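Asker: have a look; sequence and predicted model below, questions after that.
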Amino acid sequence: MLVEQATTVRKEWSAVCDSVIHEKPKFIKRTRDKMWFSNLETISEILEVYHFTTLKYIEDDNTVTLSLNEIDLIENGRDEQEARLNMGKAILDYALEYYNEYQMYSRSPNRKKHIPYIFKALIIDDPEKIGDMLQCQNGKN
């Protein structure tokens, strides 16, 4: 693997940042630690294959409930648009909580697989956009 030493990166910080932003990501090694340094556009492209999918339920009172498949979140709204916005907010809130408690959540066996969805939500950083991108399938009541 093409790895740059942390010492070199530290000495040439501005040039390395410019290279990562304008050319390509870098792999960096510091003692036994290995890191990957990229711009947000690159990680967004990588995360493009991850989608937020929900099951949609029409309740007896005609409200809409969405159940997120990738993360255990459920939200309700007067209509689908409100339910989507509520789910977008819930996803972003969870992503922020996860990130703030990353050391604990990322090591939890039942939450480790949430990582790509967490970073996708954090990069989008807009509950309305997240809600609009939900792929909804009809659930069975």
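Answerer: It's in.
Asker: identify the bridge partners of residue 76.
Answerer: residue 65 (DSSP bridges).
Asker: ok, it to residue 18 distance?
Answerer: Residue 76 sits at a distance of 47 Å from residue 18 (criterion: C-beta to C-beta, to the nearest Å). Placement of C-beta: from N, CA and C, glycine included.
Asker: and for residue 118?
Answerer: 28 Å.
Asker: between these two, which is the more surrounded one?
Answerer: The neighbour comparison of residue 118 against residue 18 (other C-beta atoms under 10 Å) goes to residue 118, with 23 against 11.
Asker: and that one, what element?
Answerer: Per DSSP states H and E, residue 118 falls inside helix 115-124.
Asker: which secondary structure elements does the next helix-or-strand element following that helix contact?
Answerer: Next along the chain after helix 115-124, taking DSSP H and E as the criterion, comes helix 127-132. The contact analysis (3 or more C-beta pairs under 8 Å, 6 or more residues apart in numbering; DSSP states H and E) places helix 127-132 against helix 80-100.
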